[in-house]
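1. no sequence for this one, just the structure:
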(Lines give C-alpha, C1' and ligand atoms only; values in the text may rest on other atoms or scores of the structure.)
Protein backbone atom coordinates (compact mmCIF):
# COMPACT_ATOMS: atom_id res chain seq x y z
CA UNK A 1 0.00 0.00 0.00
CA UNK A 2 1.45 3.37 -1.00
CA UNK A 3 2.34 5.72 1.86
CA UNK A 4 0.29 8.87 1.37
CA UNK A 5 1.85 10.71 4.34
CA UNK A 6 4.79 12.01 2.34
CA UNK A 7 4.12 12.77 -1.29
CA UNK A 8 4.85 15.55 -3.74
CA UNK A 9 2.40 18.44 -3.89
CA UNK A 10 2.62 21.59 -5.94
CA UNK A 11 3.24 23.71 -2.84
CA UNK A 12 6.47 21.79 -2.10
CA UNK A 13 8.22 23.70 -4.90
CA UNK A 14 5.89 26.62 -5.50
CA UNK A 15 6.16 28.19 -2.03
CA UNK A 16 10.00 28.16 -1.92
CA UNK A 17 10.23 29.44 -5.51
CA UNK A 18 7.79 32.28 -4.88
CA UNK A 19 9.56 33.24 -1.64
CA UNK A 20 13.02 33.30 -3.22
CA UNK A 21 11.88 35.15 -6.35
CA UNK A 22 10.09 37.73 -4.22
CA UNK A 23 13.02 38.57 -1.94
CA UNK A 24 15.39 38.80 -4.90
CA UNK A 25 12.89 40.95 -6.84
CA UNK A 26 12.60 43.38 -3.92
CA UNK A 27 16.38 43.62 -3.69
CA UNK A 28 16.60 44.17 -7.47
CA UNK A 29 14.07 47.05 -7.22
CA UNK A 30 16.17 48.63 -4.45
CA UNK A 31 19.34 48.49 -6.58
CA UNK A 32 17.73 49.39 -9.90
CA UNK A 33 15.73 52.37 -8.66
CA UNK A 34 17.96 53.41 -5.75
CA UNK A 35 15.33 52.70 -3.13
CA UNK A 36 16.08 51.81 0.46
CA UNK A 37 13.47 49.64 2.12
CA UNK A 38 15.38 49.28 5.40
CA UNK A 39 12.98 51.72 7.05
CA UNK A 40 10.30 49.04 6.75
CA UNK A 41 12.22 46.69 9.04
CA UNK A 42 11.36 45.91 12.65
CA UNK A 43 12.21 48.79 14.97
CA UNK A 44 11.63 47.57 18.52
CA UNK A 45 9.04 49.07 20.85
CA UNK A 46 7.68 51.65 18.41
CA UNK A 47 4.28 51.61 16.76
CA UNK A 48 5.77 52.24 13.31
CA UNK A 49 8.26 49.46 13.87
CA UNK A 50 5.43 46.92 14.02
CA UNK A 51 5.05 47.01 10.24
CA UNK A 52 8.42 45.31 10.00
CA UNK A 53 6.88 42.11 11.38
CA UNK A 54 5.37 41.55 7.94
CA UNK A 55 7.90 43.37 5.75
CA UNK A 56 11.31 42.69 7.30
CA UNK A 57 11.76 39.09 6.01
CA UNK A 58 11.71 40.44 2.44
CA UNK A 59 14.34 43.14 3.01
CA UNK A 60 18.12 42.55 2.94
CA UNK A 61 21.04 44.88 3.44
CA UNK A 62 23.24 43.56 0.61
CA UNK A 63 23.66 40.74 -1.89
CA UNK A 64 25.76 38.66 0.50
CA UNK A 65 23.07 38.92 3.18
CA UNK A 66 20.43 37.93 0.65
CA UNK A 67 22.42 35.01 -0.75
CA UNK A 68 23.20 33.62 2.72
CA UNK A 69 19.48 33.53 3.51
CA UNK A 70 18.22 32.29 0.14
CA UNK A 71 19.65 28.76 0.13
CA UNK A 72 18.66 27.72 3.68
CA UNK A 73 15.26 29.38 3.21
CA UNK A 74 14.63 27.36 0.04
CA UNK A 75 15.80 24.11 1.65
CA UNK A 76 13.78 24.54 4.84
CA UNK A 77 10.58 25.68 3.08
CA UNK A 78 10.81 22.63 0.82
CA UNK A 79 11.26 20.39 3.86
CA UNK A 80 8.35 22.03 5.69
CA UNK A 81 5.91 21.69 2.79
CA UNK A 82 6.94 18.15 1.91
CA UNK A 83 7.01 16.59 5.38
CA UNK A 84 4.47 18.81 7.18
CA UNK A 85 2.20 19.92 4.36
CA UNK A 86 -1.04 19.88 6.38
CA UNK A 87 0.27 22.33 8.97
CA UNK A 88 2.89 24.16 6.89
CA UNK A 89 0.81 27.28 6.22
CA UNK A 90 -0.01 27.73 9.90
CA UNK A 91 3.59 27.21 10.97
CA UNK A 92 4.88 29.68 8.39
CA UNK A 93 2.28 32.44 8.83
CA UNK A 94 1.86 32.39 12.61
CA UNK A 95 5.57 31.75 13.02
CA UNK A 96 6.35 34.86 11.00
CA UNK A 97 3.97 36.95 13.13
CA UNK A 98 5.06 35.65 16.53
CA UNK A 99 8.80 35.60 15.86
CA UNK A 100 8.56 39.14 14.47
CA UNK A 101 6.57 40.29 17.49
CA UNK A 102 9.05 38.73 19.89
CA UNK A 103 11.89 40.46 18.04
CA UNK A 104 9.99 43.73 18.35
CA UNK A 105 9.73 43.18 22.12
CA UNK A 106 13.28 42.09 23.00
CA UNK A 107 15.59 43.55 20.35
CA UNK A 108 18.02 46.45 20.55
CA UNK A 109 16.89 49.84 19.17
CA UNK A 110 17.89 49.34 15.51
CA UNK A 111 16.34 48.26 12.23
CA UNK A 112 16.09 44.48 12.11
CA UNK A 113 15.75 43.09 8.58
CA UNK A 114 16.21 39.83 6.67
CA UNK A 115 14.68 36.38 6.33
CA UNK A 116 17.07 34.77 8.82
CA UNK A 117 14.44 34.85 11.56
CA UNK A 118 12.21 32.68 9.35
CA UNK A 119 15.13 30.37 8.59
CA UNK A 120 15.73 29.88 12.32
CA UNK A 121 12.01 29.31 12.84
CA UNK A 122 11.96 26.55 10.21
CA UNK A 123 15.24 24.91 11.26
CA UNK A 124 14.07 24.79 14.87
CA UNK A 125 10.60 23.52 14.00
CA UNK A 126 11.79 20.77 11.65
CA UNK A 127 14.52 19.63 14.03
CA UNK A 128 12.44 19.45 17.20
CA UNK A 129 9.37 18.06 15.42
CA UNK A 130 11.31 14.96 14.46
CA UNK A 131 12.43 14.52 18.06
CA UNK A 132 9.01 15.07 19.65
CA UNK A 133 7.13 12.83 17.21
CA UNK A 134 9.59 9.90 17.57
CA UNK A 135 9.02 9.10 13.92
CA UNK A 136 12.12 7.52 12.39
CA UNK A 137 11.78 9.31 9.04
CA UNK A 138 11.40 12.71 10.69
CA UNK A 139 14.15 11.97 13.20
CA UNK A 140 16.43 11.23 10.24
CA UNK A 141 15.41 14.60 8.78
CA UNK A 142 16.30 16.23 12.12
CA UNK A 143 19.78 14.73 11.92
CA UNK A 144 20.19 16.05 8.38
CA UNK A 145 19.15 19.51 9.57
CA UNK A 146 21.76 19.36 12.34
CA UNK A 147 24.41 18.30 9.83
CA UNK A 148 23.55 21.15 7.44
CA UNK A 149 22.73 23.99 9.84
CA UNK A 150 23.87 22.94 13.30
CA UNK A 151 26.45 25.73 13.35
CA UNK A 152 23.68 28.31 13.17
CA UNK A 153 22.90 27.81 16.85
CA UNK A 154 25.80 30.10 17.81
CA UNK A 155 24.09 33.05 16.13
CA UNK A 156 21.19 33.07 18.58
CA UNK A 157 23.69 34.67 20.97
CA UNK A 158 25.16 38.20 20.71
CA UNK A 159 28.31 37.31 18.77
CA UNK A 160 28.46 40.22 16.30
CA UNK A 161 27.07 43.72 16.61
CA UNK A 162 25.74 43.85 13.04
CA UNK A 163 23.83 40.56 13.31
CA UNK A 164 20.27 40.55 14.64
CA UNK A 165 20.77 37.70 17.10
CA UNK A 166 17.45 38.73 18.67
CA UNK A 167 15.64 37.86 15.43
CA UNK A 168 17.47 34.54 15.29
CA UNK A 169 16.64 33.75 18.90
CA UNK A 170 12.99 34.71 18.40
CA UNK A 171 12.63 32.44 15.38
CA UNK A 172 14.39 29.59 17.17
CA UNK A 173 12.15 29.83 20.27
CA UNK A 174 8.92 30.08 18.27
CA UNK A 175 9.96 27.09 16.13
CA UNK A 176 10.63 25.06 19.28
CA UNK A 177 7.26 26.00 20.79
CA UNK A 178 5.41 25.23 17.55
CA UNK A 179 7.10 21.84 17.24
CA UNK A 180 5.66 20.93 20.64
CA UNK A 181 2.20 22.45 20.06
CA UNK A 182 1.77 20.77 16.65
CA UNK A 183 3.38 17.44 17.62
CA UNK A 184 0.00 15.63 17.43
CA UNK A 185 -0.85 17.15 14.05
CA UNK A 186 0.57 16.12 10.69
CA UNK A 187 2.62 12.94 10.19
CA UNK A 188 2.65 10.43 13.05
CA UNK A 189 4.74 7.29 13.62
CA UNK A 190 3.23 4.00 12.52
CA UNK A 191 1.62 1.95 15.27
CA UNK A 192 1.81 -1.83 15.33
CA UNK A 193 -0.64 -4.01 17.22
CA UNK A 194 0.80 -7.29 18.44
CA UNK A 195 -1.78 -10.05 18.88
CA UNK A 196 -1.15 -12.83 21.33
CA UNK A 197 -0.87 -16.23 19.74
CA UNK A 198 -2.05 -18.59 22.47
CA UNK A 199 -1.22 -21.68 20.42
CA UNK A 200 2.36 -20.47 20.01
CA UNK A 201 2.69 -19.84 23.76
CA UNK A 202 1.66 -23.44 24.48
CA UNK A 203 4.87 -24.62 22.81
CA UNK A 204 6.94 -23.38 25.78
CA UNK A 205 6.85 -24.17 29.48
CA UNK A 206 6.96 -21.66 32.35
CA UNK A 207 10.76 -21.47 32.14
CA UNK A 208 10.68 -20.63 28.45
CA UNK A 209 11.88 -24.03 27.28
CA UNK A 210 10.44 -25.63 24.18
CA UNK A 211 8.08 -28.25 25.59
CA UNK A 212 4.88 -28.58 23.54
CA UNK A 213 1.99 -30.77 24.70
CA UNK A 214 1.95 -34.20 23.03
CA UNK A 215 -1.23 -33.58 21.06
CA UNK A 216 0.07 -30.26 19.77
CA UNK A 217 3.45 -31.78 18.86
CA UNK A 218 1.70 -34.51 16.86
CA UNK A 219 -0.37 -31.88 15.10
CA UNK A 220 2.72 -29.88 14.22
CA UNK A 221 4.54 -33.05 13.09
CA UNK A 222 1.69 -33.87 10.74
CA UNK A 223 1.70 -30.34 9.30
CA UNK A 224 5.46 -30.45 8.76
CA UNK A 225 5.19 -33.83 6.97
CA UNK A 226 2.35 -32.52 4.83
CA UNK A 227 4.43 -29.51 3.84
CA UNK A 228 7.35 -31.72 2.93
CA UNK A 229 5.25 -33.89 0.60
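-> Done, it's in. The structure displayed is predicted, hence computed values, not measured ones.
2. what sits up against the lengthiest helix in the chain?
-> Counting residues, the longest helix found in the chain (DSSP state H) is helix 10-33. For helix 10-33, the external contacting residues (CB atoms under 8 Å, 6 or more residues apart in numbering) are 35-37, 57-60, 63, 66, 69-70, 73-74, 77-78, 81-82, 85, 88, 92, 115. Quick note: C-beta positions are derived from backbone N, CA and C, even for glycine.
3. whichever of those residues end up buried, select them in ChimeraX.
-> Per 16 or more other CB atoms under 10 Å, the buried members of the contacts of helix 10-33 correspond to this ChimeraX selection:
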select :37,57,58,59,60,66,69,70,73,74,77,78,81,82,85,88,92,115
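4. narrow the contacts of helix 10-33 to those in helices?
-> The helices, defined by DSSP H, take in 63, 66, 69-70, 73-74, 77-78, 81-82, 85, 88, 92 from the contacts of helix 10-33.
5. ok so, going back, buried residues, whichever helix or strand comes after the longest helix of the chain. List them.
-> Counting by DSSP states H and E, the next helix or strand C-terminal to helix 10-33 is helix 52-55. For helix 52-55, burial by neighbour count (16+ other CB under 10 Å) applies to 52, 53, 55.
6. and for the closest residue to the last one other than its chain neighbours, the neighbour number?
-> This points to residue 55. Spatially, and ignoring its direct neighbours in sequence, residue 55 is nearest to residue 40 (4.2 Å; CB to CB, 6 or more residues apart in numbering). As a burial measure, residue 40 scores 19 neighbours (other CB atoms under 10 Å).
7. state the pLDDT value of residue 40.
-> On pLDDT, residue 40 comes in at 93.
8. so it sits against residue 59, correct?
-> Yes: with contacts counted by CB atoms under 8 Å, residue 40 reaches residue 59, the gap being 6.2 Å.
9. just the element for the spatially closest residue to residue 167 that is not a sequence neighbour, please.
-> Nearest non-adjacent residue to residue 167, counting by CB to CB, 6+ apart: residue 117, 3.9 Å away. Secondary structure assigned from DSSP H and E places residue 117 in helix 116-133.
10. list the buried residues of that helix.
-> Quick answer for helix 116-133 (16+ other CB under 10 Å): 116-130, 132-133.
11. before we move on, the earlier item: give the buried residues for the longest helix of the chain.
-> Residues of helix 10-33 classed as buried: 11, 12, 15, 16, 19, 20, 23, 24, 26, 27, 30 (neighbour count, 16+ other CB under 10 Å).
12. just give me the residue closest to the centre of this structure.
-> residue 126 (1.8 Å; CA atoms, centre = their mean).
13. tell me who's in contact with that residue.
-> Contacts of residue 126 (CB under 8 Å, 6+ apart): 76, 79, 80, 83, 84, 141, 142, 145, 175, 179.
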